[in-house]
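Engineer: Kindly return the folded structure for what I paste below:
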Amino acid sequence: MRYLKKGGKHLFQERQLKYTFILENVTIYSVEKMCKCMGVSKNVLIRDFSSLKLGEKWVSDITYIRVNNDWNYLTTVLDLADRKIVDWSLSQDMTTENTVAKA
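Structural biologist: Take a look at the predicted model:
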């Protein structure tokens, strides 16, 4: 359970709060400025998930898996050209070392 929370909030709740804040304040501040301040990654693909060339576009996702009273984290890397998993990692924490695939 020690990895479940960061600063008293579940990690997913923290991320959801960031996106909610951005949506609520988009008329006041630029999205780029808010994302930079909050550490949100840049949208490089601009929702263009099509690709014909292998290795051109990879996307990743982290899935939370509850095991008994703990959480495990499944990180997957998908090649958009053939929609096949290029790499995956299962870890007990969300440290960068355990959730980033080495290309």
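Engineer: show me what contacts Leu80?
Structural biologist: By CB atoms under 8 Å, 6 or more residues apart in numbering, Leu80 lies in contact with 49-51, 56-59. The C-beta positions use only the backbone N, C-alpha and C, and glycine is treated the same way.
Engineer: So what does it have for phi and psi?
Structural biologist: With angles defined as degrees, to the nearest 10, Leu80 sits at phi -70, psi -20.
Engineer: Give me the buried entries from the contacts of Leu80.
Structural biologist: Among the contacts of Leu80, the ones that count as buried by 16 or more other CB atoms under 10 Å are 51, 57-58.
Engineer: any chance of the contacts of Leu80 in CSV, plus pLDDT and secondary structure?
Structural biologist: Formatted as CSV, the entries for these read as follows, by pLDDT from 0 to 100; DSSP: H, G, I helix; E, B strand; the rest coil:
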residue, pLDDT, secondary structure
Phe49, 87, coil
Ser50, 91, coil
Ser51, 90, coil
Glu56, 92, coil
Lys57, 91, coil
Trp58, 90, strand
Val59, 88, strand
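Engineer: and of those residues, the nearest to Thr27?
Structural biologist: Set against Thr27, the nearest of those by CB to CB is Phe49 (28.3 Å).
Engineer: Could you find the closest non-adjacent residue to that closest one?
Structural biologist: With sequence-adjacent residues excluded and distances taken as CB to CB, 6 or more residues apart in numbering, Phe49 is closest to Leu80, at 5.5 Å.
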